[in-house]
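Trainee: generate coordinates for the sequence data below:
(2 chains)
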There are 2 protein chains.
Amino acid sequence: MLNYNKTLPNQLTNWAFSETAFKPLLLGKCESIMSLGNGYMGLRSVTEEPYIGETRNLFVNGTFNKFDENEVTELPNAADVTRFDMLVDGRRFSLETGKVEEYSRTLDLRHAELIRSFVWENEAGKRVRFSFRRFVSLDNTHVIGMKMEVTPLNEGIQFSVGSGINAQLTNTGSQHFHEGEKRIFDKKYMQLEQTTTESKVHFIIHASHRLSLNGESLEIAPKMDIHRRKVALSYTLDIPAGETFTFEKMSTVHTSRDLAFEGQELSVMKEAALAQAKEADRQGYDALFELHKQAWANVWDRYHIEIDSEQEFDKLALRFATYHLVVMTPAHDRRMAIGAKGLSGEGYKGHSFWDTEIFILPFYIYSRPEIARSLLEYRYLGLEGARRKAQENGFKGAMYPWEQAWPTDGEVTPVWGEVDVVTGLQTKIWSGFIEQHITSDVAYAVWHYYKATGDQDFMERYGYEILFDTATFWASRLEWDNAKGRYHINEVIGPDEYKEHVDNNAFTNYMAHFNMELAIQYYNELQSERPEILERLEESLKLQESYTAWTSKINQIYLPQPNEDNIVPQDDTYLTLEQIDLTKYKNQEKVGSLFREYSLDQVNKLQVSKQADIMMLFFLLENKFTPEVKKANYDYYEPKTLHDSSLSLSTHSILAGDFGDSDLAYQLFRKATEIDLGPNMHSSDAGIHSASIGGIWECVVMGFAGLRMLDGKLHLNPSLPQAWKQLKFPIYWQGVHLNVHLTHSDVLITSSSDEPLALTIKGNDVLFHKELHLPL
Amino acid sequence: MLNYNKTLPNQLTNWAFSETAFKPLLLGKCESIMSLGNGYMGLRSVTEEPYIGETRNLFVNGTFNKFDENEVTELPNAADVTRFDMLVDGRRFSLETGKVEEYSRTLDLRHAELIRSFVWENEAGKRVRFSFRRFVSLDNTHVIGMKMEVTPLNEGIQFSVGSGINAQLTNTGSQHFHEGEKRIFDKKYMQLEQTTTESKVHFIIHASHRLSLNGESLEIAPKMDIHRRKVALSYTLDIPAGETFTFEKMSTVHTSRDLAFEGQELSVMKEAALAQAKEADRQGYDALFELHKQAWANVWDRYHIEIDSEQEFDKLALRFATYHLVVMTPAHDRRMAIGAKGLSGEGYKGHSFWDTEIFILPFYIYSRPEIARSLLEYRYLGLEGARRKAQENGFKGAMYPWEQAWPTDGEVTPVWGEVDVVTGLQTKIWSGFIEQHITSDVAYAVWHYYKATGDQDFMERYGYEILFDTATFWASRLEWDNAKGRYHINEVIGPDEYKEHVDNNAFTNYMAHFNMELAIQYYNELQSERPEILERLEESLKLQESYTAWTSKINQIYLPQPNEDNIVPQDDTYLTLEQIDLTKYKNQEKVGSLFREYSLDQVNKLQVSKQADIMMLFFLLENKFTPEVKKANYDYYEPKTLHDSSLSLSTHSILAGDFGDSDLAYQLFRKATEIDLGPNMHSSDAGIHSASIGGIWECVVMGFAGLRMLDGKLHLNPSLPQAWKQLKFPIYWQGVHLNVHLTHSDVLITSSSDEPLALTIKGNDVLFHKELHLPL
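Mentor: Numbers count the residues shown, from 1 in each chain, chains lettered A, B, ... in the order given. Reported below is the predicted structural model:
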C-alpha cells in the first residue's frame, strides 16, 4: 500500500515515502500523513481532482472559532485552493475511470514537497501523463504553490481546468465563516475575504494561475465564476500529442491573527496580502520553491539525527517525525500551540493536550529551546483560563483545561463523544471535568525546561508563577480522608482514560505531590535569594497563604506504594476489577474495537487500560522507582493495555529500555512508528498523531540514547537496539550545543562551549571539556 | 441521454422517462427533474452511493432559516437519509469503477416512484444485479421509503452497507442547524433532533432498516456509529450467488412547523414522530407504497388531461408538468407557497416569486380552486411584510416583496449575484428594490381567482384587502411629471430583467393602472352593495383617503401606446438603444452565455431582452390590444429576446396562438417543454423551473384550447396544433366541473351542474345545459 524507497530517485532514499497505487480507501491516510505545513498553516494533501471520501482541509493556526454555544471552539476549515476540476475531452477526469499506470504519490520529506504522477488512459484509449507538485512554503509562510503538467502521449486532447477559492467547505458540517466578499482583479487574481462568525478573525485568501505550453507562456481568456462562497477561473484549450501544458497556481493566506497585522486596520492587511499575491504570481512555482527548499535545508541541518540501522525504515520514521514536528509547530507566535493532530486534520479540533508538554516539548527543549519556551509561554497566557476553571470548580490557583485552544478560552473539551452501544446515546466525555493531571504536567514541563536550559529569565517572567499557582490548585483540590488520616484525590481520570471516576490514581497523586514539592522548593530558594520576586507575585497569588497550604498538606498526600508483588495500584479499585481475555482487541488494526461490544461504563469495571498510566509515572518520575518495580508493573499492566491511545507505545518502549529489555524496546518503537506510517488504513483519517510523533523522537533520544534530565542533571544511559550500529544527534543543554555519537561500545560527545560540562553516563558522573570519548 | 418510453414496461408508456446510461455530468439534471416530493417535503433524486458533483437535498416546506444577517432566509437542507455507503468485497461500490450493463434510472410519474437498476461487474469479474426503488409518500407525507435488492449473479460477494441520518450537509456551505441530538433506540431506530439556528424550527428525523435474504427476514447485529451531526448503522454479510439481499429503509420527517404540532410541547412531537417511525418500519416498503400509489391514482383521476398527438412526447411533457405541480405545492398549509425551483434544489432558496401568481396559479384556479385559494391566502399573510416594505421605502399600502419566504418575513431577495465580467465583482441584484410589478401581479391573481371561482368568502376575508392596499401602494408610488402633465413610474425593472432602472416600463404602468382600476371598481360596488365591508377595512386601510388618491390619479397614469409601427415601447428608452447580433447567444444550450462577454451594466444599454415583457402584458391584459399590435410587437421584440428566463417561452407560445400562428405556438411549446426535459445538461442543476412547468399547462389549456377569463367571462378559443388530433381536460368554473373535449373540428363540453352556463367560444356567446357540442 505504502512504499518506502521504491520508485524513488536515489537522493530521496530514506527521505520520502509513496503511495504506489491509487486506493480510494486510503485517501484519508495519505491526506494526513503526507500533509504539508509550516506551523502557520497546515494543508491536507488531498488530490487536486475530488474523490468521495476525501477531506479537504486548510487550517491556520490560532484562528479558533465556535459555531454556536453548544459546540466548543475549533480551528475552522478555511477555504480550499487545491481543487482542480478537470475535463478531458468533455468528461470529468477521475482516476476511478479509465486505466492508471506508473502511479505514485510521494511526500518528499527533505524538500517538503508533495509529488504525484501517473499515466492515465481514458476510455477512448488516449494516454495522458499528469504530474502534480505542491508545497506550503517554509520561507514565506503565507504561500501555497502548486504546479501541474499535462502531456497527451498518443493523441491530442481537449483539456479544461477550473480552479479557484472554495469556501463552501465546513468542519464536518459546522460552518465557521460568514460568506464574505469575492472578487477577481484583472481577470487573474482571485480574492476571498471572510470573517469567522464568533471570534471575528478576518481571512484573506488570494489565488492566481500561470499557464504555459512547452514552457511558452500562454494567454487564455478564463471563464470567470463567482458563486455563493466561491470564486473560480476556468480555462479550456487543446493540447496536441507530445506537448506539455503547465498550470501553476500560487495562493496566499493571511489572517487578522497574524502578528504583522496586530492592531492594524483591515485595509492594511488587504493591501499587503494582495501585493504579496501578485508578487508570488510573478515569481512562480520554481523560484518560490527554491527559497522553500533552502529553508528546509536549514531545518535538516539543525535537526540532523543520523541512525545507522539495518532497518532503513528507522531512518525514514525519524525523519517523518521531525518533518511533522516542524510542520505542526507555530514557532512564530506564542499565542498558539500544537494540536493533538497538528494541522493535519479536524480531529481534536486543533486543541492542545498534555501531549505537547510530555511528548513533544522534550524534542524542542533539547533541539530548539526558544520554541520550547514559546510553547510554555502559551501555557502562561493560559493561566487566565486555568484560574477561571479553578474558580468555577470551587478551587484555588490555576486548574489547566484538559483541552486548550486560544489561550484565554479556558476549558474547551467537548462533552459528548461516540455512541454508547448499550444506551444508543452519545458517551459523555468526562476529561474536561475530571482529567486533572494536565495541571501538574504543565508544571513538570516548566521544571524540565528550566532545568535543561537554565533559562532564568523565563522563570522570573512566567515559570515561577505557573509552578506556584498550579501547586495552589492542588493544595485546594486535596480531600482529607478522616478514616485514613491522609489527603486523597478522588473522582478523577488518570492517563488511562478507560478508568473514569477513580480515587487516588497513582499518576495523579504523585504528580500533584511533585508539583507542590517544586513550588515549595522554589519558594524557599527565592525567599533566600530573590525575595523581590516573591513580593511581586504576592498580591496576585496570595503566596504566603498558598505556601502555608502547600507545606501543611504535602506530607499527608497519599502516594500509593508497591504491594507485596511490587505492583503499584493504578487507583483504589483497579486491582480488584474483573479481568477479561483481550486477545482479539489487542491489535493495532482494531484500535477502539472493544467499543463495538462494551460501553465505556462497562469498560470502567474491567481491568482493561487504554494506555500507559503507571508507566507514565515511571517515565516522568523515574528515580522514585526501582527497575524491579518497573518490570513487575510492566508485566502486570501491559497485557491489560490495548494501546488504544497513540500516547502508549512510545512510553512502553522507553520503559522497556529502563528495565533493560532493549529488544522489547525496539519492537515497541517499531510499533509506535506504525501508528501513522503502518498498515492501519483509517487510524490517521482525522489527522496524524502528534504525541506519537513526538514519542518517536523520545524513543530514540530518551529511550535508546537514554538521555534524561534527573534532579537537574544530564544523564545518558545508552542502549542501542541490536539493529543499529550507531546513532548521532545534536542537543542543547544549558545553552551549550552538544553532538552525541553513540555506538554499542562507545560514546563520543563534542561540546560548543569552552566551559567544563558535567553529566552522568551509565550512572557515572563525568566532567569534560570540548570533547568526551568513553567506552560503554 | 434521457430516454422517453424506451426500456419501459408497457403500462408506463408516456408515463415515465429514463436515464439509460450512467453519466456523471448528468447527475444534477436527473436529481432535479426526477425529484420526489409531496408538497410537505421535496427530495432530490440523488443516487444512494455518492458521486462527486451530486447535490443531496431534502427540503421541508416553510422551514426557512437565515444563516446570518448578511444572508437572506432560505429553505435549509435537512439531514440526508438517502446515502448508502456500500462495499463489495471490501471495496467501495461506485458505477465509475468496473463495468455497468442494463443501466436505467427511471421516474415513474404515474406512481411517483424512482427506480434504478443495473448489472455491475467489478474488477474481479463478479457480476451483481442491483435494483433501487424510492418514494416520498403522498399518503403519509412524513414518510420516505427506500428499497434495495442486491443479487450476485455468478459468484458470491461480501457486502457491507452503512446508512443513517447525515446532517453534515449544508446549503452550498451555509449550515442552518445546530448539531442537535442523535440517538439509536433498540439498535434499530435512529433518531436525529435538530433545530434551525435563527428561526428555531425543530426537526425530528428517524430512520430504520429491514433486511432479508430471499424474502426471509434477516437479523444482523449492526455496527452503530454516532459522530458529529451523523448517526448510522452498518451491516456486513455474505450473499451467495443467485440469492437476493433486500434492504429496506423507512425514514420519517417531522418539524415544529407541522400544523399538527402547532402550540404543542416538543415532547408531543417527539413521541408522535417515534411512534410513526416504528409504524412505518412495521409496515415496510410494499405496504406503504400501495397507499402512496392509491393517493397518486386519485391525483391522476383529478388532473386527467388527454392529448392525442402524433408526438408521444407531448403527453409525457404534460404529465411531467402535472407531476411536478403536485410535488412542489404545499396544499396542506396556507403559510407556505411554491418556490421558483419547487422543492427540487437550492436555486432561489425556496422563495416565491410572481411565478406562482402568473404561471402556476391558473392551473390551480381551474383544477383545484381550494389550493389556489390557499396560495392566495399566503399572499394575504404576506401583507404584513408588504406593508413594512412600503413603509421602509416611503410609500403607503402594500408593496409586495419581489421574493417572499415565510409570509411575515417581507422582502428576502438577495443583493449580490454572479460575477460582473468587467469589474470582477458580484453583480448587484436590483429586483428586491425596484422590480415592483409583483404587487400588481398579486392583485391580478386575486381578481383572476375571484372571477373564475366566484369565491365571495375569500374576497371578504382576504381579497378586497389585498386589492385595496396594493392600489394604495401604486397611488403613492406614482411620480408626477410636470413637463408631460402625467404620472410616471420611474426607476423600475419590468419583467425583462436585462433592463434595469428604466422609466415607464409599459407592463409595470399598465398593471399598476389595472390594479387601481380594480380597487376603484370593487370599492364602488361594495359601497352600494356591502358598505359594512368597507367600514370594517376603513380603519386599517384608511380607505376613504386611499379612494381619493386612486380616483384622482388613475386617469393621469401614462400608458405607453403603440407607435406608428404598432410597437409599444417597452420603456422610455428601449427603442433607442443599440442593437447587436444575438445569433450566437440565442440557443437554449447557452442560457446566460451573453454574460461571459458583457456585464449587466453593458446589457442594460442594448436592445437585448431576457424574457417576455410586452408579451406578458398582452397575455394578462389581452383585450387591451389588437392581434395586429400583438403580431407587430412579437416580430419586433422576439428576435431581441434571449429567453434566458424560463418564464419566456410559454408566454411566447401563447401569444403566437393569440395572433394566429399555431405552428409557431407549437414549436415554442416544444421548446418550453425542453427547459427541464431537453438536452441542456446543466440548466436544471439548481432545480426544476416551476414557472416553466406551470407554463406547459398554460400552453395547453390557455394556449391551444384558448381558455381564458376575460372581463369575468369564460372564453374558449381553440387552435390545436397540427400534430394533435384531440385534447380533453377538466376544469372548474364558478364551482361547476366541466369536461372539455376538443378536436380540430369540434368542441364538446359537459357540465356537472344543472344550471345553464354561459361562455364565449371563438368570440360567440353561447349558453348551455349539461352538454354543449359545437363545430368549430
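
Trainee: secondary structure element for the residue sitting furthest away from the middle of chain A?
Mentor: Centroid-distance maximum for chain A: A:Glu155 at 46.6 Å, with CA atoms, centre = their mean. If you go by DSSP states H and E, A:Glu155 is not part of any helix or strand.

Trainee: what's the distance between it and A:Gly382?
Mentor: Using CB to CB, to the nearest Å, A:Glu155 is found at 61 Å from A:Gly382. Quick note: C-beta positions are derived from backbone N, CA and C, even for glycine.

Trainee: the helix or strand containing A:Ile675: what's the following helix or strand?
Mentor: Secondary structure assigned from DSSP H and E places A:Ile675 in helix A:662-677. Toward the C-terminus, helix A:662-677 is succeeded by helix A:690-698 as the next helix or strand (DSSP H and E).

Trainee: CA atoms only: put that next one into CSV for me.
Mentor: Output of helix A:690-698 as CSV, limited to C-alpha atoms (Å, rounded to 0.1, in the frame of the first residue of the first chain):
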residue,chain,number,x,y,z
SER,A,690,1.3,14.5,17.3
ALA,A,691,2.1,12.8,20.6
SER,A,692,3.1,9.6,18.9
ILE,A,693,5.3,11.6,16.5
GLY,A,694,7.0,13.3,19.5
GLY,A,695,7.2,9.9,21.0
ILE,A,696,9.2,8.6,18.1
TRP,A,697,11.9,11.2,18.9
GLU,A,698,11.6,10.3,22.6
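
Trainee: pLDDT-wise, which helix or strand of chain A ranks last?
Mentor: Across the helices and strands of chain A, mean confidence by mean pLDDT, DSSP states H and E is lowest for strand A:2-4: a mean of 73.

Trainee: confirm A:Phe730 sits in a strand?
Mentor: One thing to correct before we go on: residue A:730 is Pro, not Phe. Yes - per DSSP: H, G, I helix; E, B strand; the rest coil, A:Pro730 lies within a strand segment.

Trainee: got the contact list for stretch A:269-281?
Mentor: For stretch A:269-281, the external contacting residues (CB atoms under 8 Å, 6 or more residues apart in numbering or on different chains) are A:140, A:142-143, A:145, A:185, A:188-189, A:191, A:193, A:202, A:204, A:206-208, A:210, A:250-252, A:254, A:256, A:258, A:260-261, A:288.

Trainee: apply 6 Å and report the result again.
Mentor: A:Val143, A:Tyr189, A:Ile204, A:His206, A:Ser208, A:Met250, A:Thr252, A:His254, A:Phe261 (CB atoms under 6 Å, 6 or more residues apart in numbering or on different chains).

Trainee: name the nearest of these relative to chain B.
Mentor: For the contacts of stretch A:269-281, the minimum distance to chain B (CB to the nearest CB) is 8.7 Å, reached by A:Tyr189.

Trainee: what sits opposite the closest one in the beta ladder?
Mentor: A:Phe185 (DSSP bridges).

Trainee: ok, now how distant is it from B:Thr97?
Mentor: The spacing between A:Tyr189 and B:Thr97, counted by CB to CB, is 39 Å.

Trainee: give me the number of residues near the residue in the stretch 451-600 of chain A that chain B sits nearest to?
Mentor: Residue of the stretch 451-600 of chain A nearest chain B, by CB to the nearest CB: A:Arg596 (6.3 Å). With neighbours defined by other CB atoms under 10 Å in any protein chain shown, the count for A:Arg596 comes to 13.

Trainee: show the pLDDT at it.
Mentor: Confidence at A:Arg596, expressed as pLDDT, is 86.

Trainee: for it, grab phi and psi.
Mentor: The phi and psi values for A:Arg596, taken as degrees, to the nearest 10, are phi -80, psi -20.

Trainee: for burial, what's the neighbour tally of the closest residue to A:Ile52 other than its chain neighbours?
Mentor: Distances taken as CB to CB, 6 or more residues apart in numbering or on different chains put B:Pro50 closest to A:Ile52, at 4.8 Å, once the chain neighbours are dropped. Residue crowding around B:Pro50 was assessed by other CB under 10 Å; the count is 18.

Trainee: now B:Pro50: phi and psi?
Mentor: Here is the backbone geometry of B:Pro50 (degrees, to the nearest 10): phi -80, psi 150.

Trainee: would you mind listing the buried residues in stretch A:613-628?
Mentor: Along stretch A:613-628, these residues count as buried under the neighbour rule (16 or more other CB atoms under 10 Å in any protein chain shown): A:Asp613, A:Ile614, A:Met615, A:Met616, A:Leu617, A:Phe618, A:Phe619, A:Leu620, A:Leu621, A:Glu622, A:Phe625.

Trainee: and what of stretch A:156-165?
Mentor: A:Ile157, A:Phe159, A:Ser160, A:Val161, A:Gly162, A:Ser163, A:Gly164, A:Ile165.
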